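Engineer: structure of the sequence below:
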Amino acid sequence: MASSDPAETRPAIPADLIGFGELRELLGVARSRAHTISRDRDFPAPWYSGEKERLWLRADVEGWLDQHRPGWREATQ
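Structural biologist: Numbers count the residues shown, from 1 in each chain. Modelled structure (predicted):
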């Protein structure tokens, strides 16, 4: 059965994805803390998880930040 959610059916483009380095910048934390946060069960699952790389959908991460870190958008401007 095909998904009715267009976000699930279309492939992500590079602008839609963020890697670990950008994730750290958005979170504003050190590498070890970003690793801990990204593995938390409440954090969005990676869109891609390879042997040496994980990629997240930008919209998922920004949604999580909106919910868990209010004001983050102003801090990054």
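Engineer: hey, which helix or strand in this structure has the poorest pLDDT?
Structural biologist: Lowest on mean pLDDT, DSSP states H and E among the helices and strands of the chain sits helix 6-9, with a mean of 54.
Engineer: got a list of contacts for the following helix or strand past it?
Structural biologist: On the C-terminal side of helix 6-9, the closest following helix or strand by DSSP states H and E is strand 17-18. Strand 17-18 is contacted from outside by Leu26, Trp47, Tyr48, Leu55, Trp56, Leu57, Arg58, Val61, using C-beta atoms under 8 Å, 6 or more residues apart in numbering. Just so you know, the C-beta spots here come from the backbone N, C-alpha and C atoms, and that holds for glycine as well.
Engineer: of these, closest to Pro70?
Structural biologist: Set against Pro70, the nearest of these by C-beta to C-beta is Leu26 (13.9 Å).
Engineer: not counting its neighbours along the chain, what's nearest Pro31?
Structural biologist: For the record, residue 31 is Arg, not Pro. In space, and not counting its chain neighbours, Arg31 is closest to Arg24: 6.3 Å by C-beta to C-beta, 6 or more residues apart in numbering.
Engineer: now that neighbour, what's its secondary structure?
Structural biologist: Following DSSP: H, G, I helix; E, B strand; the rest coil, Arg24 is assigned to helix.
Engineer: pretty sure it contacts Thr36?
Structural biologist: No - in this structure Arg24 lies outside contact range of Thr36 using C-beta atoms under 8 Å: 11.6 Å.
Engineer: more neighbours: which of these two?
Structural biologist: The neighbour comparison of Arg24 against Thr36 (other C-beta atoms under 10 Å) goes to Arg24, with 18 against 12.
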